[in-house]
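>>> For reference, the sequence and a predicted model appear below.
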Amino acid sequence: MTLWTAAEIAQATGGSVEGGFEAGGVAFDSREVEPGDLFVAMSGEATDGHRFLPQAFAAGAGGAIASKRCDGPHVRVQDGFAALQALGTAARDRTAARIVGVTGSVGKTSAKEALFAALERSNHGRVHRSVKSYNNHTGVPLSLARMPRDADFGVFEMGMNHAGELAALTRMVRPHVAIVTAIAPAHIEFFVDEAAIADAKAEIFEGLEPGGTAIVPFDSPHRDRLIAAARRHAGRVVTFGLEKGADVHAREVMRVGTGGTFVTATLGGGGELSFTVSQPGLHHVSNALAVLAAVDALGADLGQAALALAELGGLAGRGARTTVRVGNGEALVIDESYNANTASMRAGLAVLAEEPGRRVAVLGEMRELGERSAELHAGLADAVTGARVERALLVGEAMRPLARALEGRVDLVHVADADAASVALRELIAPGDAVLVKGSNGVGLSRLVAGLGGA
């Protein structure tokens, strides 16, 4: 099915058609171009997308958006980035889909993927979502521009590291349902305190369609702040969480033999639903409750959503579990290498604590913590010892305060970077170990996981 014609692109962007074409997809990275795609060339500080027009056409691009000379069929615009935003806005304007926006300091990508799976099970082929973590000022309009014109549902992740960013993104997405998963001191380098982070996340409610639903974490210390912000824009506010006071809450939680969690949840209307969350950890239970609250708000099939949650596997870098060969046996690797803040570190360690065998924690430094970096890193010591970690491999200079806090309490190795960690880990692990790998994406621990054969 044609996603965009050259004439539609020109109308959306105010550009001029220079060679007609039809496009079935959209990309701004020439390495991701597939046959028939629209390639959006943008001029940035680091590079100029126009340099990659030949590669895009060689990969089969059907046409391009360009503000400079282009030898292939294209729509000529004044500015490529502005054109991408305009195309995303036009995609949102033309759709009749019910739209969900997801944000939060932790869990937003996992919640987005879980919600997609929950809706897709009963609406096969009619649910669109943002891929990867395309959640910023370029990723969100790209994800919107990729939405099929006949989609029934759209699920979009939105992120930020400064105040005001989410306000702009949510007004582009215009969700019918807006979810905040959790608040944690991620990116606190750019905020006065955690309450300011909550305020920035609450900007997602500003774009709600009239009568829309805001879904708020009941267990958060910032709950009342989030609810107050939501009430200014939402027709309905629904809370979720593990505590009984939440509109959607877990009445019973029980670990099952497969490693997941059996949950009986009380829903907003007083009904109950029993289901299994395939991934271990209470943070995944919390995410599942947010997903069910959204499915209910959309009027979609809760039973099919519950079945989808039972089948959902872990995402690479966000909880994927693999076994790797170690000597004459195997070790379990829990891959949480994509990102880290204090809340997600504690959640990951809590999952590790439930694993049999010797527990090994490979922890990379947490970025963008500003003046509180030393305090927040050192503050993880109790979570490490509470998880009964026998061996800890700490990665990065910012981990030094935690290394000092753990000295004499845990068998500890502290190294400078991911390459050194890869070497050290080979000597640390043994058959039967459970290994958690977690750190900020910039640390590069995904390479360590790949080197083990876990990715």
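On my side now, so go ahead. It should be emphasised that the depicted structure is a prediction, and the values quoted were computed from it without experimental measurement.
>>> Not counting residues beside it along the chain, what's closest to residue 334?
Once flanking residues are discounted, residue 334 sits nearest to residue 436: 4.8 Å by CB to CB, 6 or more residues apart in numbering. Where C-beta positions appear, they are placed from N, C-alpha and C, glycine not excepted.
>>> State the helix or strand in which that neighbour lies.
Assigned by DSSP states H and E, residue 436 belongs to strand 434-438.
>>> can you give me the angle the helix or strand following that strand makes with strand 434-438?
Using DSSP H and E, the next helix or strand after strand 434-438 towards the C-terminus is helix 445-452. Interaxial angle of helix 445-452 relative to strand 434-438 (axes from the mean of the first three to the mean of the last three CA atoms, to 10 degrees): 150 degrees.
>>> Is residue 63 bridged to anything, and to what?
residue 38 (DSSP bridges).
>>> In contact with it, which residues are there?
Shown in contact with residue 63 (CB atoms under 8 Å, 6 or more residues apart in numbering): 6, 9, 19, 21, 22, 23, 38, 39, 72, 73, 74, 75.
>>> switch the cut-off to 10 Å
Residue 63 makes contact with 4-6, 9, 17-23, 36-39, 56-57, 70, 72-75 under the criterion CB atoms under 10 Å, 6 or more residues apart in numbering.
>>> Quick check on those residues: which are buried?
4, 6, 9, 17-18, 21-23, 36-39, 56-57, 70, 72-75 (16 or more other CB atoms under 10 Å).
>>> quick one on the thing from earlier: out of the contacts of residue 63, list just those in strands.
Of the positions in the contacts of residue 63, 4, 5, 17, 18, 22, 23, 37, 38, 39, 74, 75 sit in strands, assigned by DSSP state E.
>>> just curious, which of those residues is nearest to residue 367?
For those, the closest approach to residue 367 (CB to CB) belongs to residue 39, at 31.4 Å.
>>> what's the distance between that closest one and residue 236?
Here the criterion is CB to CB, to the nearest Å. By it, residue 39 lies 41 Å from residue 236.
>>> cool, residue 249 as well?
In terms of CB to CB, residue 249 sits 17 Å off from residue 236.
>>> Give me the more crowded residue out of the two.
residue 249 (21 against 16; other CB atoms under 10 Å).
>>> Which SSE is immediately downstream of the one helix or strand the more buried one maps to?
Per DSSP H and E, residue 249 falls inside strand 248-255. Remark: after strand 248-255, the chain's next helix or strand is strand 261-266, criterion DSSP H and E.
>>> and that next one, average pLDDT?
Averaging pLDDT along strand 261-266 gives 95.
>>> Could you do stretch 84-104 as well?
98.
>>> Over to that stretch now: how far is its first residue from its last?
With CA to CA, to the nearest Å as the measure, stretch 84-104 spans 25 Å from end to end.
>>> who's in contact with stretch 380-389?
With contact meaning CB under 10 Å, 6+ apart, stretch 380-389 is reached by 340, 342, 345-355, 358-361, 363, 366, 392, 394, 399, 401-407, 409-412, 434, 436.
>>> go with 8 Å
Against stretch 380-389 from outside (CB under 8 Å, 6+ apart): 342, 345-346, 349-350, 352-353, 359-361, 363, 392, 402, 405-406, 409-410.
>>> Can you tell me which of the ones in strands among the contacts of residue 63 is nearest residue 62?
Proximity to residue 62 was ranked across the ones in strands among the contacts of residue 63 by CB to CB; first place goes to residue 23, at 4.9 Å.
>>> my guess is residue 286 meets residue 241, correct?
Yes. Counting by CB atoms under 8 Å, residue 286 touches residue 241, with 6.4 Å between them.
>>> ok, those two, which is more surrounded?
Using other CB under 10 Å, the more surrounded residue of residue 286 and residue 241 is residue 286, with 27 against 23.
>>> now the more buried one: how far from residue 20?
50 Å.
>>> try residue 320
With the distance defined as CB to CB, residue 320 ends up 44 Å from residue 20.
>>> Filter the contacts of stretch 380-389 down to the ones in strands?
Those of the contacts of stretch 380-389 lying in strands (DSSP E): 359, 360, 361, 363, 392.
>>> Next, the contact list for the last one, please.
For residue 392, the contact set (CB under 8 Å, 6+ apart) comprises 360, 361, 362, 363, 384, 406, 410, 411, 412, 413.
>>> Need phi/psi at the fifth one.
When read as degrees, to the nearest 10, the backbone of residue 384 gives phi -70, psi -50.
>>> That one: neighbour count?
Residues lying near residue 384 (other CB under 10 Å) number 25.
>>> Tell me how far it lies from residue 434.
From residue 384 over to residue 434 (counting by CB to CB), the distance is 14 Å.
>>> cool, and the fourth one?
In this view, residue 363 and residue 434 are 14 Å apart by CB to CB.
>>> Those two - which one has more neighbours?
Applying other CB under 10 Å to residue 363 and residue 434 shows that residue 363 carries more neighbours, namely 29 against 23.
>>> In CSV, list the contacts of residue 392 along with distance to residue 216 and pLDDT.
Converted to CSV, these look like this (distance: CB to CB, whole Å; pLDDT from 0 to 100):
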residue, distance to residue 216, pLDDT
360, 36, 97
361, 32, 97
362, 34, 98
363, 30, 98
384, 31, 97
406, 35, 97
410, 37, 94
411, 41, 95
412, 39, 95
413, 41, 96
